[in-house]
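> just need the structure, nothing else, for what follows:
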Amino acid sequence: MTDAYKDDFLPDIISSDAVLQFMWKKPSYGLIHVMNTSMLCGMDKGEIFKAVTYNPAKALGMEAEIGTLEPGSRADIAILDMVPSDQIFFDRFGNQKRSKEVLVPMMTLRKGKAVFRQSFFF
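Numbers count the residues shown, from 1 in each chain. Sure, this is the predicted structure:
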């Protein structure tokens, strides 16, 4: 856990900063990975979801359009499941921490249409 998290200095916005050059390379693999590491560092799940949805939308001045489930919004929705895990997460310095549970994407809707679905998710 970083000193910032220990001191309750948490991120307002969480993103993956994923670029093609580093896609699928350690230590991070995308937004879900960053969300799981934030949770592992002690950040509240509700604050994590707010940091990946509403807060970035508000920073862009788009909070009525994206980052919300309010009527009239785009209906960009990610359905996640919390599953038991014994996964080890590493930081860029090689430090590691074991997680007892992780978020797993089950389905993604973009403008109300399914664009991703786990084969076992109904």
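> which helices and strands does the lengthiest helix in the chain pack with?
Taking DSSP state H as the criterion, the chain has its longest helix at helix 31-40. Applying 3 or more C-beta pairs under 8 Å, 6 or more residues apart in numbering; DSSP states H and E, we find helix 31-40 packed against helix 45-52, strand 88-90, strand 101-110. Where you see a C-beta, it was placed from the backbone N, CA and C, and this is true even at glycine.
> so which residue is dead centre in the chain?
Nearest to the mean C-alpha position of the chain, by C-alpha atoms, centre = their mean, lies Met35 at 3.5 Å.
> roughly how far does that residue sit from Asn55?
Met35 sits 13 Å away from Asn55, taking C-beta to C-beta, to the nearest Å as the criterion.
> surely Ala114 is within a strand?
Yes - assessed with DSSP: H, G, I helix; E, B strand; the rest coil, Ala114 lies in a strand.
> show the end-to-end separation of stretch 60-68, please.
Chord length of stretch 60-68, first to last residue, is 13 Å (C-alpha to C-alpha, to the nearest Å).
> buried residues, it. List them.
By neighbour count on 16 or more other C-beta atoms under 10 Å, the buried set for stretch 60-68 is 63, 66-68.
> can you redo these as CSV with distance to Phe121, secondary structure and pLDDT?
Output for those, formatted as CSV (distance: C-beta to C-beta, whole Å; DSSP: H, G, I helix; E, B strand; the rest coil; pLDDT from 0 to 100):
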residue, distance to Phe121, secondary structure, pLDDT
Glu63, 29, coil, 90
Ile66, 23, coil, 91
Gly67, 23, coil, 90
Thr68, 23, coil, 89
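> nearest to Val115 among those?
Ile66 (14.9 Å; C-beta to C-beta).
> isn't Met35 up against Ser15?
No - using C-beta atoms under 8 Å, Met35 makes no contact with Ser15, being 10.2 Å away.
> outside of the helix or strand of the chain with the lowest mean pLDDT, which residues touch it?
Lowest on mean pLDDT, DSSP states H and E among the helices and strands of the chain sits helix 3-6, with a mean of 76. By C-beta atoms under 8 Å, 6 or more residues apart in numbering, the residues outside helix 3-6 that reach it are 10, 41-43.
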